[in-house]
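Q: coords please:
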Amino acid sequence: MDLSFFSGCLERIREHKRMLLLFGILYLLGIVLGFLFITTPTAYEYHLTLCERYLDRVCFSDRNVFVIFLERSAGRTLLLVLILLSGVHLAALFVPSAVLLYRAYTFGGSIVILFSVYRVTGVLVVFVLYLPVHLLIDAVLICATALSCVRAPHFCFCKKDFTGIGGDLIALSIFILLVCLIEMLLLLAVFHPIGTLL
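A: Next up, the predicted model:
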């Protein structure tokens, strides 16, 4: 089986460390904004709703963990598709930046809510599940953003360029599925058993 698309994707990611650093800084800025604006009533209510939904529908849900795995894998893969498709034109590159800023902003605000509102339960959720899974997924999305930014100035609507996007999509989707699988196993082993006791 030819896995050259996989190694090629990883190699191109390693070649663009400055781009990764740039979007990493943008991501950190979004987290800081999430921390800062959580004190406003609108932002507080918005993040509180996000956290309640996350705890109810994911962490302590009575739904089948495989269904949760499929839903979350599909949602994250859709974000990956949008980011990679933005590499077809320079004008579309606002999409990955907006996605990363939004995810970083809600990430920062949600951490504050989980710590301040849910106390011990929130600390457990953050360090065992929310923090590692969110950061791993966003690391994949940052890599996809760097690839799109490099591709956009030279993209031609030809088979070779679309094949390149397809190869990157398959390679990065594998990482997303692995992270979602880890999340599913953590839910199955730790959080859903706790949920049955609450």
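Q: for the spatially closest residue to L169 that is not a sequence neighbour, what are its contacts?
A: Nearest-residue entry for L169: L84, 5.5 Å, with adjacent residues in sequence omitted and distances by C-beta to C-beta, 6 or more residues apart in numbering. In this view, the C-beta of every residue, glycine as well, is placed from N, C-alpha and C. By C-beta atoms under 8 Å, 6 or more residues apart in numbering, the contact list for L84 reads 144, 147-148, 165, 168-169, 172.
Q: mind redoing it with 10 Å?
A: Under the criterion of C-beta atoms under 10 Å, 6 or more residues apart in numbering, the contact partners of L84 comprise 96, 141, 144-145, 147-148, 151, 164-166, 168-169, 172-173.
Q: try V112
A: By C-beta under 10 Å, 6+ apart, the neighbours of V112 are 34-39, 43-44, 47, 51, 122.
Q: Can you tell me which of those is nearest V190?
A: G122 (14.4 Å; C-beta to C-beta).
Q: circling back: the residue nearest to L169: helix or strand, and which one exactly?
A: Assigning secondary structure by DSSP states H and E places L84 in helix 65-85.
Q: Helix or strand next in line after that helix, which one?
A: Where DSSP H and E defines the elements, the next helix or strand beyond helix 65-85 is helix 94-125.
Q: That next one: which residues count as buried?
A: Within helix 94-125, the residues that qualify as buried are 95-97, 99-101, 103-114, 118, 121-122, 124-125, counting by 16 or more other C-beta atoms under 10 Å.
Q: same thing with stretch 126-133?
A: Under 16+ other C-beta under 10 Å, the buried positions of stretch 126-133 are 126, 129-130, 133.
Q: repeat for stretch 171-185
A: Buried residues in stretch 171-185, counted by 16+ other C-beta under 10 Å: 171-173, 175-176, 179-180, 183-184.
Q: before we move on, the earlier item: closest to E71 among the buried residues of stretch 126-133?
A: Proximity to E71 was ranked across those by C-beta to C-beta; first place goes to V133, at 14.0 Å.
Q: How about the contacts made by the nearest residue to the closest one once chain neighbours are set aside?
A: On the basis of C-beta to C-beta, 6+ apart, the spatially nearest residue to V133 that is not a chain neighbour turns out to be E183, at 4.8 Å. For E183, the contact set (C-beta under 10 Å, 6+ apart) comprises 58, 65, 68-69, 72-73, 76, 129-130, 132-134, 136-137, 191.
Q: With that, I have no additional questions.
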